[in-house]
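>>> please work out how this folds:
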Amino acid sequence: MEQKGGENMRMTKMMWCALALMVSAQTVMVSNAQAQILTGDARLACEALVCLSAVGSPPGECSKALAKYEAMKAQLWFNPMAVYNFLKGCPKR
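Residues are numbered from 1 along each chain as shown. Got it, this is the predicted structure:
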């Protein structure tokens with residue numbers, strides 16, 4: 001009878017460990033997913049890169065990003081690196 005009690009205790013410990021690992025993994029996955037959301041100029045830079053590579057005319061969703069891109073192009077006469085710096089704002093990863 002004692003052997004069954006020890007086996008139950010081991011199974012309970014294993015289940016708690018498995019539960020703790022699952023919760024930890026889920027927390028890490030949620031944090032990484034939330035970290036992937038871009039905002040501001042970084043988002044516009046990434047959208048502009050995608051929209052500029054569109055075949056044909058870009059979709060309407062591109063208007064804000066392309067407007068920012070065009071504004072950077074307008075600055076070329078006094079800031080030749082404006083477009084480069086804007087597009088470089090899109091993270092590589």
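>>> drop to CA atoms for contacts and neighbour counts, all remaining ones
Fine.
>>> which parts of this structure are helices?
Along the chain, the stretches classed as helices by DSSP state H are 2-35, 40-52, 63-74, 82-88.
>>> show me the domain layout of this protein.
1-37, 40-88 (automatic domain parsing).
>>> ranking those domains by mean pLDDT, which is last?
Lowest mean pLDDT within the domains of the chain: domain 1-37, a mean of 60.
>>> for Met72, see how far away Leu52 is.
14 Å (C-alpha to C-alpha, to the nearest Å).
>>> the two - which one has more neighbours?
Neighbours were counted for Leu52 and for Met72 using other C-alpha atoms under 10 Å; Met72 has more, 19 against 16.
>>> pretty sure that one sits against Phe86.
Yes: between Met72 and Phe86 there is a contact at 7.2 Å, judged by C-alpha atoms under 8 Å.
>>> nearest residue to Gln75 other than its sequence neighbours?
Excluding the flanking residues, the one nearest Gln75 by C-alpha to C-alpha, 6 or more residues apart in numbering is Ala82, at 6.5 Å.
>>> for that neighbour, the count of nearby residues, please.
18.
>>> these two touch, right, it and Ala71?
No: in this structure Ala82 lies outside contact range of Ala71 using C-alpha under 8 Å: 9.2 Å.
>>> who's in contact with stretch 44-62?
Residues outside stretch 44-62 that contact it (C-alpha atoms under 8 Å, 6 or more residues apart in numbering): 64-66, 68-69, 86-91.
>>> and which of these is nearest to Met9?
Nearest to Met9 out of the contacts of stretch 44-62 is Pro91 (C-alpha to C-alpha; 49.2 Å).
>>> help me confirm that the closest one comes into contact with Ala42.
Yes: judged on C-alpha under 8 Å, Pro91 makes contact with Ala42 at a distance of 7.1 Å.
>>> these two: which is more packed in?
More crowded of Pro91 and Ala42, by other C-alpha under 10 Å: Ala42, with 16 against 11.
>>> quick one: the more buried one from Phe78, how far?
Distance of Ala42 to Phe78, given as C-alpha to C-alpha: 22 Å.
>>> then Asn85?
14 Å.
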